[in-house]
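A.B. asks: sequence first, predicted coordinates after that:
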Amino acid sequence: MIEISHVNKHYGAFQVLTDCSTTVAKGEVIVVCGPSGSGKSTLIKTVNGLEPFQSGTIMVDGISVGAPSTDMPKLRARVGMVFQNFELFPHMSITENLTIGQIKVLNRSKEEAMATGLKLLDRVGLKAQAAKFPGQLSGGQQQRVAIARALSMNPICMLFDEPTSALDPEMVNEVLDVMVELAHEGMTMMCVTHEMGFARKVANRVIFMDQGHIIEDATKDDFFGTPRGERAQQFLSKILSH
Amino acid sequence: MDYHWNWGIFFVQVQNGDETYLDWLINGFGWTVAVSVSAWIIALSLGSVIGTLRTTTRPWVVMLGNTWVECFRNVPLLVQMLLWFFVVPELLPKDLSMWVKQDMPAKEFITATLCLGLFTSARIAEQVRAGIQSLPRGQHYAGMAMGFTTPQTYRYVLLPMAFRIIIPPLTSEFMSVFKNSSVAFAISVLELTFVSRQMQEDSEQGIETYVAVTALYFLCAFIANRVMSFIDKRTRVPGYVSAK
Ligand SMILES: Nc1ncnc2c1ncn2[C@@H]1O[C@H](COP(=O)(O)OP(=O)(O)OP(=O)(O)O)[C@@H](O)[C@H]1O
Ligand SMILES: [Mg+2]
């Protein structure tokens, strides 16, 4: 589904991604972790072309990301993305947030978009909030709406960039529950997260990044079970200890 | 002070004509409103486009927009008015130049409106740019990630919020347009300031004249302010606390 091969990216002289390669097969859940500034957000944003890269290739569903012949808006519409700060559109009601993409990008009718939107809203447990605006919801609720908004486009895969790290602790689980459910339904997911409980529960593989390199790319059992690189160990012991 | 007060002056006929001074003021007020509102329409449309272009990623487009803003912001409005009226027509191709100087209808009005519109567009462009750039970067990403094209991202995601954020500076700009339109008197547009000087000389009732004119400008700015705060209330986003 997603094939990242030998991707390099730099800002001026600063190398953000160095020779990154990995794949996410259909139905797989991959967790990406690593210290701050290691390039996780950058990597995940290159997958749908939000960040350009200088060399290497990324294929999503057989389509080359960033190639001149690729219709990027069309490709992005098929890849759902959830951000650390939710990024709902603040001037639109929850239902408008859930329907605008369907109407303007997928050319669905208002009624059809509304039906899909409400169904998804119900699924993330927020049907009662339909008429509200993002600013009137809690962080956890906003993030669930953001997931529903991404799903409203019927994505072939989902990208998550630290979806729970801007949340108060008591709201983390309501968002993770939605993500776990998605994973169980067979959604292809690439998640930047430090929620190792989530990784244990649903991840197929865990990727560890440091200073722009992918230094571990292991199955969940290997990652958590057998000895691994020193940097990853240090990092894991730090995030697991609190 | 032995000033001869005459508040009835407005209903007195002017020296060489059958209108009253009130007719003059009403006419002047009409031209002031016409110049200001037309200039505002030009300024808002052009300023929005240029402000938006200045936030894009094409360096030459950004540079063009920046140059526009610098040119119109760095020269006094009065000088610009005179330049447009006396200098620009000379620079046009010969036939066009002749036409502008001799046959163009409402020459003073069009020149003043264009000048004030372009001048204000530069200021609005600056505010629109600042408004867009004050939005979290993630909003742009979120729009693009939905599958919106860049124009759609601006249309549905960035501009609606940017304009809401810049309503306060836009309000002052809208009020300024009315006040700045007084500069059009320099090229003999028969607007309020022009008319007031005429009336003062003709009637020799300077105080009454300028009190009335002051009140009329005040009224314009006041209405402009009310209109903008009405728009502000109507477009306010429930639960939104200003962007970080
Ligand atoms: N526009 C930019 N210009 C220059 N450097 C940048 C830019 N964006 C990101 N970087 C740098 O690239 C590196 C990787 O950033 P990235 O956001 O991908 O890290 P991250 O792993 O997601 O970190 P975090 O856990 O803090 O989110 C960082 O060192 C960052 O400073
Ligand atoms: Mg990040």
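C.D. replies: Looks like it arrived, so ask away. Ligands and ions are numbered 1, 2, ... in the order given.

A.B. asks: can we go C-alpha only for contacts and neighbour counts from here?
C.D. replies: Will do.

A.B. asks: give me the neighbour count for A:Glu51.
C.D. replies: Residues near A:Glu51, counting by other CA atoms under 10 Å in any protein chain shown, number 15.

A.B. asks: so who does it touch?
C.D. replies: Applying CA atoms under 8 Å, 6 or more residues apart in numbering or on different chains to A:Glu51 gives the contacts A:Thr42, A:Lys45.

A.B. asks: in a helix, it, correct?
C.D. replies: No - checked against DSSP: H, G, I helix; E, B strand; the rest coil, A:Glu51 lies outside a helix; its state is coil.

A.B. asks: which other helices and strands contact whichever helix or strand B:Ala215 is part of?
C.D. replies: According to DSSP states H and E, B:Ala215 maps onto helix B:206-235. Here helix B:206-235 touches helix B:21-53, helix B:167-180, helix B:192-203, going by 3 or more CA pairs under 8 Å, 6 or more residues apart in numbering or on different chains; DSSP states H and E.

A.B. asks: so for A:Gly140, which of those helices sits nearest?
C.D. replies: Smallest distance to A:Gly140 across those (CA to CA): 30.5 Å, for helix B:167-180.

A.B. asks: just the CA atoms of that closest one, as PDB, please.
C.D. replies: The C-alpha trace of helix B:167-180 is given here as PDB (Å, rounded to 0.1, in the frame of the first residue of the first chain):
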ATOM      1  CA  ILE B 167     -11.800  42.600  10.800                       C
ATOM      2  CA  PRO B 168     -10.400  45.100  13.400                       C
ATOM      3  CA  PRO B 169      -7.700  46.500  11.100                       C
ATOM      4  CA  LEU B 170     -10.000  46.300   8.100                       C
ATOM      5  CA  THR B 171     -12.500  48.500  10.100                       C
ATOM      6  CA  SER B 172      -9.900  51.200  10.500                       C
ATOM      7  CA  GLU B 173      -9.000  50.900   6.800                       C
ATOM      8  CA  PHE B 174     -12.700  51.300   5.800                       C
ATOM      9  CA  MET B 175     -13.000  54.400   8.000                       C
ATOM     10  CA  SER B 176      -9.700  55.700   6.600                       C
ATOM     11  CA  VAL B 177     -11.000  55.500   3.000                       C
ATOM     12  CA  PHE B 178     -13.700  58.000   3.800                       C
ATOM     13  CA  LYS B 179     -11.200  60.300   5.500                       C
ATOM     14  CA  ASN B 180      -8.500  59.900   2.800                       C
END
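
A.B. asks: and the angle for that helix with helix B:192-203?
C.D. replies: Here helix B:167-180 points in a direction 30 degrees away from that of helix B:192-203 (axes from the mean of the first three to the mean of the last three CA atoms, to 10 degrees).

A.B. asks: next, the angle helix B:206-235 makes with helix B:167-180.
C.D. replies: On the basis of the same axes, to 10 degrees, helix B:167-180 is oriented at 160 degrees to helix B:206-235.

A.B. asks: for helix B:167-180, what is the average pLDDT?
C.D. replies: Here helix B:167-180 scores 95 as its mean pLDDT.

A.B. asks: returning to what we had before: out of the helices and strands packed on helix B:206-235, which gets nearest to chain A?
C.D. replies: Of all these, helix B:167-180 sits nearest to chain A, with 14.6 Å by CA to the nearest CA.

A.B. asks: now for the closest one, which elements pack on it?
C.D. replies: Applying 3+ CA pairs under 8 Å, 6+ apart, one finds that helix B:167-180 contacts helix B:21-53, helix B:107-133, helix B:206-235.

A.B. asks: most tightly packed of the ones you listed?
C.D. replies: Mean neighbour count (mean count of other CA atoms under 10 Å in any protein chain shown) peaks for helix B:107-133 among the helices and strands packed on helix B:167-180, with a mean of 24.

A.B. asks: B:Leu46 and B:Phe119 touch, don't they?
C.D. replies: No - using CA atoms under 8 Å, B:Leu46 makes no contact with B:Phe119, being 10.5 Å away.

A.B. asks: sorry, back to before: weakest of the helices and strands packed on helix B:206-235 in terms of mean pLDDT?
C.D. replies: Mean pLDDT values for these show the minimum at helix B:192-203, a mean of 92.

A.B. asks: helices of chain A, residue ranges please.
C.D. replies: Ranges of helices in chain A, per DSSP state H, are A:40-47, A:72-77, A:94-104, A:110-123, A:139-151, A:169-184, A:196-202, A:220-225, A:230-241.

A.B. asks: quick one, which of those helices is packed in tightest?
C.D. replies: Ranked by mean neighbour count under mean count of other CA under 10 Å, the helices of chain A are led by helix A:139-151, which reaches a mean of 25.

A.B. asks: all good on my end, thank you.
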